[in-house]
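A.B. asks: Pasting a predicted model and its sequence here:
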Amino acid sequence: MRKRRVVILGATGSIGQSARKVARNLPDGMEIVGMSAHSNAAELAAAAAEFPNARVVQTNGHDGEAKLIELATIPEADLVLIAIVGTAGLAPALAAIKAGKDIAVASKEILVLAGEIVMREARQRGVQVLPIDSEHNAIFQCLEGRSPSHVRRLILTCSGGPFRQTSEAELAHVTPEMALRHPTWSMGRKITIDSATLFNKALEMIEARWLFDIEMDRIDVVIHPQSIIHSLVEFVDGSQLAQLSRSDMCFPIQYAVTWPDRVAGSLAPLDLASVGRLEFEAPRTDVFPALRLAREAAAAGGSLPAVLNAANEIAVEAFLSGQIPFPRIWEIVEAAMQAHAVASHPELEELLAADREARATARRLIQAAKASSARAL
């Protein structure tokens, strides 16, 4: 197995912490040569002390994007792991690809915003886009390079979040504290809210469409509360392959780093007898409309997925700050999508413009909703 020399963008977040753990456990397989953080200076300093040969940058100044691009293109790196929340990782991802480096993507928003462009650039440069999300990493393992023509369906599993059995009426009373209690995974605030609304799975559907060159009507979601089966591939002969492991992000990170090899490492294997039972159910798309909105965005294509993603980011911020109730997140996203004039096969600047427009639209909708609520009082 060759040693991968890795830059971690977002080294102090939950994915970055797991990546550092993998490097700690695989000293012969992974060397961290660069790390970034936005505002957690204390943890970044501790990480720098542990990995003293890594270049380190903090990005909470005016030139944050330029610092990320510089770090993503350093000559000594051959893999850039992008674990930045939101779309801030897009520019460094494209810069890394153009510099001939493989990228490992944990920030699903990059491919939702600009999947067509990112995958086209990767093909032209002959570099790999390796998935870090547990679901996409599972599909990547199950496919093992097989042609999309062999695939009938990709089946993304979903924990269902903390409200999978909550009634529609009760969702109106959900607080940020309640939504941040994920039953399976320990994640950042934004992705945890996305898991509660199922927008996380909606974004993953669009991401899978680009990663694996599979049309949206061949991508499905099944609720699996135990989060042991991380996703499945159904082939044209009707057989299905699944990838199983404990709920630990070190598994997909380690595989992305060591691919195409597998190494022993120190991760504990799965004990199915102790798990006992694996359960599955269909998502309640009538109560949780995020999956429907993802299908609509992907069917329209062009700039609409970027709008879905941007409006959701603003709506989640508003919910976390107490400005809107939980169900209004879906309403804000759908209204922003309906207000957008879709651009087909947009270039990057058009996508970024659509992103900015959607954020502005979502903010206006939030302010209008707050004004309406105030008048009602």
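C.D. replies: Good, I have the coordinates.

A.B. asks: and Tyr255, what does it touch?
C.D. replies: Going by C-beta atoms under 8 Å, 6 or more residues apart in numbering, Tyr255 touches 137, 140-141, 262. Backbone N, C-alpha and C define where each C-beta goes, glycine included.

A.B. asks: is it fair to say Glu177 lies in a helix?
C.D. replies: Yes: per DSSP: H, G, I helix; E, B strand; the rest coil, Glu177 lies within a helix segment.

A.B. asks: burial count for it?
C.D. replies: Look at Glu177: counted by other C-beta atoms under 10 Å, it has 7 neighbours.

A.B. asks: for Pro92, same thing?
C.D. replies: Neighbour count of Pro92, defined by other C-beta under 10 Å: 27.

A.B. asks: In contact with it, which residues?
C.D. replies: 9, 65, 68-69, 71-72, 80, 82.

A.B. asks: Just to be sure, it is in a strand?
C.D. replies: No: membership of Pro92 in a strand is not supported by three-state DSSP, which gives helix.

A.B. asks: Can you read off the pLDDT for it?
C.D. replies: Looking at Pro92, its pLDDT reads 96.

A.B. asks: again, but for Val222
C.D. replies: For Val222, pLDDT reads 98.

A.B. asks: Let the chain start at 18 from now.
C.D. replies: Will do, 18 is the new start, and the previous item becomes Val239.

A.B. asks: partners of it in the sheet?
C.D. replies: For Val239, the beta-bridge partners are Thr174 (DSSP bridges).

A.B. asks: quick one, phi/psi of the residue nearest in space to the middle of the chain?
C.D. replies: The residue lying closest to the centre of the chain (C-alpha atoms, centre = their mean) is Lys125, at 3.0 Å. Per-residue torsions, Lys125: phi -60, psi -20 (degrees, to the nearest 10).

A.B. asks: Check whether it really touches Glu224, as I assumed.
C.D. replies: Yes: taking contacts as C-beta atoms under 8 Å, Lys125 lies within contact range of Glu224: 4.5 Å.

A.B. asks: And the contacts of stretch 243-257?
C.D. replies: Under C-beta under 8 Å, 6+ apart, the answer for stretch 243-257 is 151-156, 159-160, 163, 166-174, 176, 201-202, 258-264, 269, 287, 292, 294-296.

A.B. asks: Show me where the stretch 68-217 of the chain has its helices.
C.D. replies: Ranges of helices within the stretch 68-217 of the chain are 81-89, 107-115, 126-142, 151-160, 185-188, 193-196, 206-214, 216-228, based on DSSP state H, counting those that start in this stretch.

A.B. asks: This completes my enquiry, with thanks.
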